[in-house]
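Engineer: sequence? don't have it. structure:
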Ligand SMILES: [Zn+2]
């Protein structure tokens, strides 16, 4: 399989959309549509014809560009079955564990509820690429708007178990610097985390994105993926607590950080 061309597109205040283009087949996949204009600009610059849009969840800052981009023609919009009634413009629906073929790529849908009730994360194993929307962020995770802590913890565990370490992970927002500050406040003697925080601060000072991350980096530095680590539980004063309860404590501390 030929390498894909990938473009990370900043949208709105801190959203990301991602374009994945296959030069051989001309397939051009967009993941999430926060707004149309910056995405249309990249399509016009590159000459890529948009063929597919994958939507992670129903929030306006992930779907508001669908209609205008679809109006360019020739676009199939694919999204989560469980949120279909709340997303306009979907052509095809996916459930947990189902796969779609998009051009040369197999795309597997992984149900990751917690931030919303029925979102999907998407895994393209052939490209070692995953899109986790507002579920897993670099060094963080999404807020619990439509699910409880146990639900979100289960979703993060699924991603940790399913996605190989080398997977490049794109998330929906540039929240990494704040996430790093929080992570170092709770996970105080994690050398990998401290080093990564420095890298993130330097990248942001240069105006560069911190996305994508990798599953390997998240396993080492993301406290929300490590709620079952007894050493982290102890730092939170939660010795022998259930991982879901450790996760809940982390999430509620982050909510007011
Ligand atoms: Zn969201």
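Structural biologist: That came through, no problem. Just so it is clear, the structure is predicted and the values come from calculations on it, not from any experiment.

Engineer: Could you work out the end-to-end span of stretch 120-139 for me?
Structural biologist: 19 Å (Cα to Cα, to the nearest Å).

Engineer: right, is it up against the ion?
Structural biologist: Yes: for a cut-off given as Cβ under 5 Å from the ion, stretch 120-139 has contacts with the ion, namely residue 134. Backbone N, C-alpha and C define where each C-beta goes, glycine included.

Engineer: centre of the chain versus that stretch, how much separation?
Structural biologist: Centroid separation for stretch 120-139 versus its chain: 5 Å, with Cα atoms, centre = their mean, to the nearest Å.

Engineer: can you tell me which helix or strand the residue lying closest to residue 94 once chain neighbours are set aside belongs to?
Structural biologist: Residue nearest to residue 94 in three dimensions, not counting chain neighbours: residue 109, with 4.0 Å by Cβ to Cβ, 6 or more residues apart in numbering. In this structure, residue 109 is located in strand 105-111 according to DSSP states H and E.

Engineer: Name the residues of that strand that are buried.
Structural biologist: 105, 107-111 (16 or more other Cβ atoms under 10 Å).

Engineer: Stretch 86-96 too?
Structural biologist: Going by 16+ other Cβ under 10 Å, stretch 86-96 has these buried residues: 86-87, 89-90, 93-94, 96.

Engineer: re earlier: pLDDT (mean, whole number) over the strand holding residue 109?
Structural biologist: The predicted model gives strand 105-111 an average pLDDT of 98.

Engineer: now do stretch 118-134
Structural biologist: 98.

Engineer: and what of stretch 235-252?
Structural biologist: pLDDT averaged over stretch 235-252 gives 96.

Engineer: if we can go back for a sec, what pairs with the residue nearest to residue 94 across the strands?
Structural biologist: residue 122 (DSSP bridges).

Engineer: ok, back up a step: tell me the one of the buried residues of strand 105-111 nearest the ion?
Structural biologist: Set against the ion, the nearest of these by Cβ to the ion is residue 111 (15.4 Å).

Engineer: neighbours of the closest residue to the ion within the stretch 151-257 of the chain, just the number please.
Structural biologist: Using Cβ to the ion, residue 172 is the residue of the stretch 151-257 of the chain that sits closest to the ion, at 6.5 Å. Using other Cβ atoms under 10 Å, residue 172 is surrounded by 30 other residues.

Engineer: Equivalent analysis for residue 171, please.
Structural biologist: Around residue 171 there are 28 residues (other Cβ under 10 Å).

Engineer: if I look at the nearest residue to it once chain neighbours are set aside, how far off is the ion?
Structural biologist: Leaving aside its sequence neighbours, residue 171 sits nearest to residue 137 (Cβ to Cβ, 6+ apart; 4.6 Å). Counting by Cβ to the ion, to the nearest Å, the separation of residue 137 from the ion is 11 Å.

Engineer: Tell me who's in contact with residue 137.
Structural biologist: Residues near residue 137 by Cβ atoms under 8 Å, 6 or more residues apart in numbering: 171-173, 175-176, 179.
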